[in-house]
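J.: Sequence below, structure please.
(one chain, ligands or ions: 1)
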Amino acid sequence: MTPSEAEYQRPMCHCGHELVLFEEYVNEMCKAITEQGKIGTTLKRGFFKNEPRRTLRCLKCRNYYDVGFDEHNRVVRGRKHSVRRVHA
Ligand SMILES: [Zn+2]
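T.: Residues are numbered from 1 along each chain as shown. So this is what the prediction gives:
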């Protein structure tokens, strides 16, 4: 183990609370369209698309951060998001 591997600390929020990692998946449902143009029955359900979007979040003050990785592929805190940011 190299010294830098031993020094890992879990990412912390600016408020001093430890961050947790969230993964958001795109959950798609395949639906029929009825003859009346309404949303109909589910043809295929619950499949995940793509890599999840990952964020680090503070459960105390609700700050969001990007997820980064260091040279040992360990989770580190990235850029801070504004609190109310909506993910597109
Ligand atoms: Zn915080």
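J.: all contacts plus neighbour counts: C-alpha atoms, from now on.
T.: Will do.
J.: What's the first helix or strand after the biggest strand by length in the chain?
T.: Ranked by residue count, the top strand of the chain under DSSP state E comes out as strand 39-57. Sequence order places strand 64-69 as the next helix or strand after strand 39-57, per DSSP states H and E.
J.: Return the alpha-carbon coordinates of that next one using PDB.
T.: In PDB, the C-alpha atoms belonging to strand 64-69 read as follows (Å, rounded to 0.1, in the frame of the first residue of the first chain):
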ATOM      1  CA  TYR A  64     -24.700  18.400  -4.200                       C
ATOM      2  CA  TYR A  65     -21.300  17.700  -5.600                       C
ATOM      3  CA  ASP A  66     -20.000  16.000  -8.700                       C
ATOM      4  CA  VAL A  67     -18.400  12.600  -8.200                       C
ATOM      5  CA  GLY A  68     -14.700  12.500  -9.000                       C
ATOM      6  CA  PHE A  69     -12.100   9.700  -8.800                       C
END
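J.: Could you list the contact residues of this protein toward the ion?
T.: Within the chain, the positions adjacent to the ion are 13, 15, 58, 61 by C-alpha under 5 Å from the ion.
J.: Same list (these) but as a markdown table, adding distance to residue 75.
T.: Shown next, in a markdown table, are those (distance: C-alpha to C-alpha, whole Å):
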| residue | distance to residue 75 |
| --- | --- |
| 13 | 13 |
| 15 | 19 |
| 58 | 15 |
| 61 | 20 |
